[in-house]
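1. Show me the folded form of this:
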Amino acid sequence: MTMNIKKSLLVLAGTLALAGGAQAADLNSAIKGDHRSKDFAARDQYRNPAETLEFLGIEPDMTVVEITPGGGWYTEILGPYLGEKGKLYAAHFPEDSESSYYQRSLKNFKDKLAANKKAYQNVEVTEFSPQTGREIAPAGSADAVVTFRNVHNWMYRGYEDKAFASFFAALKPGGVLGVVEHRAKVGTSKEDMVESGYVTQDYVIEVAKKAGFVLEEASEVNANPKDTAKHPKGVWTLPPVLRLGDEGKEKYLAIGESDRMTLRFRKPKS
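-> Down below sits the predicted model:
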């Protein structure tokens, strides 16, 4: 091999390394950015955003739908990460909801976006309302749909099947569905899942498959072996909610946030 060829290969390798490093740095910058709430950033140790988004295959040029972003924990990361190249649909509570909590949460979220237009320049708020069939994003437009700790809420309202069907409709063929959810022990009844906020991994897979998805891979990146999933006030006993207040607080802080499944599904290409 001549010196010129060797030099060309070294330059190419260096270029590829820089490209990969730049992408990783973009995600890291979004996670470490000054725009993030300190309270939110403190939960990174439990929610592992870099490892989670990498496992789900989220790239900065993708069109992504985030389901019920709440206060915007993941939006603070996804918005800047997708930046100018990508697009984030934030499928929040319905505008016409009669729930004062929903209305307040939606207003606070919109205020958050308006307060930092640079960070959230390519974020569009849509509605997640499975019972009405409204689109979370234009049909077949999304590269990925992601949802974090929400399935138990849909089960409580009885529309988890409709929710997953709406994800399937929004995704392009070959698109990814990423699900992070509090994990119940195998064999937990559906009634106990709804009561506790913990859902069995098998049940989430069953609902996703019913909607047409194929399970591609499961990750333990958000596992917490300290969590027994058996608490007086269900998952809300643990941080960040700490529903029991000071009662047993140190014990529950030592456990940390819940044990969670992290699942990557795929919409078949045909």
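
2. who touches Val204 in this structure?
-> Val204 sits next to Val151, Val179, Glu181, Met261, Leu263 when contact means Cβ atoms under 8 Å, 6 or more residues apart in numbering. Every residue, glycine included, has its C-beta placed from N, CA and C.

3. Could you do Ser100 as well?
-> Per Cβ under 8 Å, 6+ apart, neighbours of Ser100: none.

4. Now it. Its backbone dihedrals?
-> Dihedral angles of Ser100 (phi, psi; degrees, to the nearest 10) stand at phi -70, psi -30.

5. what separates it from Leu106, distance-wise?
-> Using Cβ to Cβ, to the nearest Å, we find Ser100 at a distance of 11 Å from Leu106.

6. ditto for Lys112
-> 11 Å.

7. hmm, which of the contacts of Val204 are the buried ones?
-> Val151, Val179, Glu181, Met261, Leu263 (16 or more other Cβ atoms under 10 Å).

8. doesn't the second one fall inside a strand?
-> Looking back up the chat, that one is Val179. Yes - counting by DSSP: H, G, I helix; E, B strand; the rest coil, Val179 is part of a strand.

9. show me what contacts the residue nearest to Ala229 when sequence neighbours are not counted?
-> The shortest distance from Ala229 to any residue other than its chain neighbours is 4.7 Å, reached at Tyr198 (Cβ to Cβ, 6 or more residues apart in numbering). Going by Cβ under 8 Å, 6+ apart, Tyr198 touches His152, His182, Arg183, Ala184, Lys185, Thr188, Ala229, Gly234, Val235, Ser258.

10. and the fifth one, how many neighbours?
-> Which is Lys185. For Lys185, the neighbour count with other Cβ atoms under 10 Å is 13.

11. now the third one
-> Neighbouring residues of Arg183 were enumerated by other Cβ under 10 Å; the total is 23.

12. Look up the closest residue to it, ignoring the ones flanking it.
-> Nearest non-adjacent residue to Arg183, counting by Cβ to Cβ, 6+ apart: Met261, 4.5 Å away.

13. With the first one instead?
-> Spatially, and ignoring its direct neighbours in sequence, His152 is nearest to Gly197 (4.6 Å; Cβ to Cβ, 6+ apart).

14. residues contacting that neighbour?
-> Here Gly197 is in contact with His152, His182, Gly234, Val235, Trp236 (Cβ under 8 Å, 6+ apart).
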